[in-house]
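>>> give me a model of this one.
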Amino acid sequence: MKSCFVFGTRPEVIKIAPVYLYFKNLGEQVIAIATAQHREMMDMMVEVFGMKPEYDLDVMTHNQSLNTIVARVMERLEPVLMKEKPDIVFVQGDTTTAFTACLCAFHLSIPVAHIEAGLRSGNLYDPFPEELNRRLIDISCKYLFAPTEKAKQNLLREGIEENRIFVVGNSVIDALQLIRDRVNMISLRRKFTDSDGYILMTLHRRENIGERMRSVLRATTRFAQETGIKVIFPVHKNPRVRQIVSEEVGNNPSFILIEPVDYLHFLSLLDGAKFVVTDSGGVQEEAPSFKKFVVVVRETTERPELIEAGLGVLAGTSQQSVYSALNQANDKNLSSSENPFGDGKTSERIYRITRGDNVWC
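Numbers count the residues shown, from 1 in each chain. Just a heads-up that it's a prediction; the model follows:
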């Protein structure tokens, strides 16, 4: 059985890599197809996991639009799939790469498996375009690998047949386990700081770029200056993000602005943080494994399990609401918490299900 794994962004690589490697280590025929929707950040992750894509579609262009990405992926992926004739195509999450690869495979009557199916914010435009992408992907897949029971219920409410849905946990926990025991976290983060107990911040979401992002940065600036806690901030490559960050905190001594880091260095920074401020989806899943409280600076989240478990707060993006959430996070201690998103056996479950093993859990 031949399996194709399609990815184009850093988060996709993190969550596809453990599944791909599990299949490969068992001697399965696997093909890795990189779209390079985000060239540099994707390449970082491919190197970390030791993956060597058989195909690189190289679709990234300067100031690319969503429609440009869709068109270039469709045009370049179709001949690859027609040549390789896979039995199944794996996509992950809610990126434009994942949506387009799913559509392309569907047009060719190739079954698709969706890793991390069923996440919903309930707002079609927030996050944008991810909420639409994941809904469209889930309609057409043969296998829907939901990370949690709540994600499964989202799919059932939309009328998707239960025999297509499998709760398997989140493969990001598999990725953490692949890496965490191999590296010295303290040594890695000393490249950026000699002390722990800082705030780790990531901001990049398309819908936050503009006044929302400025409000988050202003609230964090106020909190950092009042408490004396430093903020380590790997700044996304998006030129618009960089402009806002430069204008708001570029000369502020409370902020340590660094280039985007590879996964190992990011995990080392997560390990040493006091808490996390982020609009990322993946960080919401990773942080509980490091016992870190998460301030989610978004208006919605498709990962309510984090909030319901008391491991994070949905702060919104107004200056006052973010400032209040930062103070709440500063008082949190998660030393006894468990990650609600998985147990590190997701890749094994996915393999067994796609190979027809009914006794997979």
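
>>> you'd agree Leu269 is up against Phe192?
Yes: with contact defined as Cβ atoms under 8 Å, Leu269 and Phe192 form a contacting pair (6.7 Å). C-betas here are computed from N, CA, C, even on glycine.

>>> higher neighbour count, the two?
Between Leu269 and Phe192, counted using other Cβ atoms under 10 Å, the more crowded position is Leu269 (24 against 16).

>>> which phi and psi does the more buried one have?
phi -70, psi -40 (degrees, to the nearest 10).

>>> circling back to that earlier point, now list whatever residues contact both of Leu269 and Phe192.
Common neighbours of Leu269 and Phe192 (criterion: Cβ atoms under 8 Å, 6 or more residues apart in numbering): Ile232.

>>> what segments of the stretch 201-350 of the chain are strands?
With DSSP state E, counting those that start in this stretch as the definition, the stretch 201-350 of the chain shows strands at residue ranges 231-234, 255-258, 273-278, 294-296, 312-314.

>>> list the buried ones in the first one?
Okay, so that is strand 231-234. Buried residues in strand 231-234, counting neighbours by 16 or more other Cβ atoms under 10 Å, are found at Val231, Ile232, Phe233, Pro234.

>>> now do the first one, the pLDDT please.
Think Val231. According to the prediction, Val231 has pLDDT 98.

>>> now the strands of the stretch 201-350 of the chain in TSV, with distance to Pro340?
TSV is the format used below for those (distance: least, Cβ to Cβ, whole Å):
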stretch	distance to Pro340
strand 231-234	25
strand 255-258	30
strand 273-278	16
strand 294-296	12
strand 312-314	11
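
>>> most tightly packed of the ones you listed?
Between these, the one whose residues have the most neighbours on average, counting mean count of other Cβ atoms under 10 Å, is strand 294-296 (a mean of 27).

>>> show me what it is packed up against.
Applying 3 or more Cβ pairs under 8 Å, 6 or more residues apart in numbering; DSSP states H and E, one finds that strand 294-296 makes contact with strand 273-278, helix 282-286, helix 304-308, strand 312-314, helix 319-330.

>>> contacts for the longest one?
Right, helix 319-330. Judged by Cβ under 8 Å, 6+ apart, the contacts made with helix 319-330 from elsewhere in the structure are 199, 215-216, 218-220, 222-223, 227, 229, 274-275, 277, 293-295, 297, 313, 315-316.

>>> what's the domain layout of the protein?
In terms of domains, the chain is parsed into 2-170+342-354, 185-330 (source: automatic domain parsing).

>>> of these, which is nearest Leu176?
Of all those, it is domain 185-330 that lies closest to Leu176, at 5.4 Å by Cβ to Cβ.

>>> gap between the closest one and the chain center?
Centre-to-centre, domain 185-330 and its host chain are 15 Å apart (Cα atoms, centre = their mean, to the nearest Å).
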